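*Asks:* Sequence plus the predicted model coming up.
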Amino acid sequence: MTPGARLVSFGTRPSKYRAIRTTVDGVTFASKAEAARYAELKLLLGAGRVRNLELQPAYAIIVNGVRVGKYLADFRYEIREAGGWRQVVEDVKGVETALYRLKAKLVRAIHGVEIVLVRRS
């Protein structure tokens, strides 16, 4: 190697928050935690406690008629409660970022959707 030269690796580098992509039922998730939550929701689905499970539902963030971005949740489903069925929108996070908090507030203000944060380590 010549002086001042650096070794460059073209392999995959770890994600910013050390998330490991994981595949369950042929679906690839961004992290092990997200895949584990999916497995839990599938059990609830089979038991009839949850219905209409959706993966990565998108919410457009439009301000004054201008699309400024979108929020991609991890899961949306309906859960059975005493009074009937209630819609739940979830995001699985190991690290709660400022961008996530901003987008969650925008989705609540624009769409009236409260996002449930599922914490995993």
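*Replies:* Received, thanks. Residues are numbered from 1 along each chain as shown.

*Asks:* Point to the residue nearest the middle of the protein.
*Replies:* Asp74 (2.9 Å; C-alpha atoms, centre = their mean).

*Asks:* Distance check, that one against Val68.
*Replies:* Separation of Asp74 from Val68 (C-beta to C-beta, to the nearest Å) stands at 21 Å. Every C-beta, even on glycine, is put in place using the N, C-alpha and C of the backbone.

*Asks:* helices and strands around the worst-scoring helix or strand of the chain on mean pLDDT, which ones?
*Replies:* Every helix and strand of the chain was ranked by mean pLDDT, DSSP states H and E. The lowest is strand 22-24, at a mean of 80. Using 3 or more C-beta pairs under 8 Å, 6 or more residues apart in numbering; DSSP states H and E, the elements in contact with strand 22-24 are strand 27-29, helix 32-46.

*Asks:* and the last one, which residues are buried?
*Replies:* Taking 16 or more other C-beta atoms under 10 Å as the neighbour-count basis, helix 32-46 is seen to contain the buried residues 32-38, 41.

*Asks:* Report all helices and strands that the top strand by length along the chain contacts.
*Replies:* The single longest strand within the chain, with elements called by DSSP state E, is strand 84-93. Applying 3+ C-beta pairs under 8 Å, 6+ apart, one finds that strand 84-93 makes contact with helix 32-46, strand 75-81, helix 98-111, strand 115-119.
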